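[1] I would like to see how this sequence folds:
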Amino acid sequence: MCTLGVFGGDCEIWKSAAAAVASAQAAIAPIFGKGQTSVNTPTHASTSERIANQEAQKADTKEVHLNRNLQKITGDKSMPNQRPDVTTVKKDDTISRTEVRSSGQTTQELQDKLSGSRGALGGRAGADTVVEPDMPAVKLPEGVVPVRIPEVVIPFEIIP
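    Presented below is the predicted three-dimensional model:
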């Protein structure tokens, strides 16, 4: 028996929709760490966190790390002591790294940083990307501290 109250309709369609939502929720990879804050680039952390959330939604992502040491991520002490803004570990164990450019950094400096440590990753090296922050970097007046506004998440449950 299938009771759907006022919605009525075909129970199989509703069951299929519920299964699709459950599958999508199960595909979200864990995110470790938090975005690095920067007084000179107020959106640095939120840009990193946005990218991490996008990476975590991909079916081929195993885990995502924000501002975490490659040695800790891989468990290999021979890795460079480097903390990319976003590190994505894929299910095939390749490692992709993303750097968010902060005020005072050049894209070339960040590309050089990533390529300089790429060899240590060997066959695990994935894509390396440098991105601009979500809005232009601005220097805040002295004494002004950037404030992060948390996302509002509204949990829901599908009742079969």
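[2] when you work out contacts or count neighbours from here on, use the C-alpha atoms and nothing else.
    Fine.
[3] any idea how far residue 139 is from the residue positioned nearest the centre of the chain?
    Nearest to the geometric centre of the chain sits residue 52, at 0.6 Å (Cα atoms, centre = their mean). Using Cα to Cα, to the nearest Å, residue 52 is found at 25 Å from residue 139.
[4] ok, now residue 123?
    Distance, residue 123 to residue 139, by Cα to Cα: 40 Å.
[5] what's the answer for residue 129, then?
    As judged by Cα to Cα, residue 129 and residue 139 stand 25 Å apart.
[6] and those two? Which one has more around it.
    Ranked by neighbour count (other Cα atoms under 10 Å), residue 129 and residue 139 place residue 129 first, with 15 against 12.
[7] enumerate every residue touching the nearest residue to that one once chain neighbours are set aside.
    The shortest distance from residue 129 to any non-neighbouring residue, by Cα to Cα, 6 or more residues apart in numbering, is to residue 98 (4.7 Å). Contact analysis of residue 98 by Cα atoms under 8 Å, 6 or more residues apart in numbering lists 84, 85, 86, 87, 128, 129, 130, 131.
[8] what comes up buried for the strand or helix carrying residue 98?
    Assigned by DSSP states H and E, residue 98 falls within strand 95-100. Across strand 95-100, burial judged by 16 or more other Cα atoms under 10 Å covers 95, 96, 97, 98, 99, 100.
[9] I'd like the next helix or strand past that strand.
    Toward the C-terminus from strand 95-100 - assigned by DSSP H and E - lies helix 107-121.
[10] and that next one, how far from the chain's centre?
    Centroid separation for helix 107-121 versus its chain: 19 Å, with Cα atoms, centre = their mean, to the nearest Å.
[11] now it: mean pLDDT?
    In this model, helix 107-121 has a mean pLDDT of 93.
[12] stretch 80-89 now?
    Stretch 80-89 comes out at a mean pLDDT of 95.
[13] any chance of the buried residues of strand 95-100 in CSV, with pLDDT and distance to residue 58 too?
    Output for the buried residues of strand 95-100, formatted as CSV (pLDDT from 0 to 100; distance: Cα to Cα, whole Å):
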residue, pLDDT, distance to residue 58
95, 97, 14
96, 97, 13
97, 96, 15
98, 97, 15
99, 96, 19
100, 96, 20
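[14] ok, residue 35 to residue 77 distance?
    With distances taken as Cα to Cα, residue 35 is found 23 Å from residue 77.
[15] can you check residue 58 too?
    In terms of Cα to Cα, residue 58 sits 28 Å off from residue 77.
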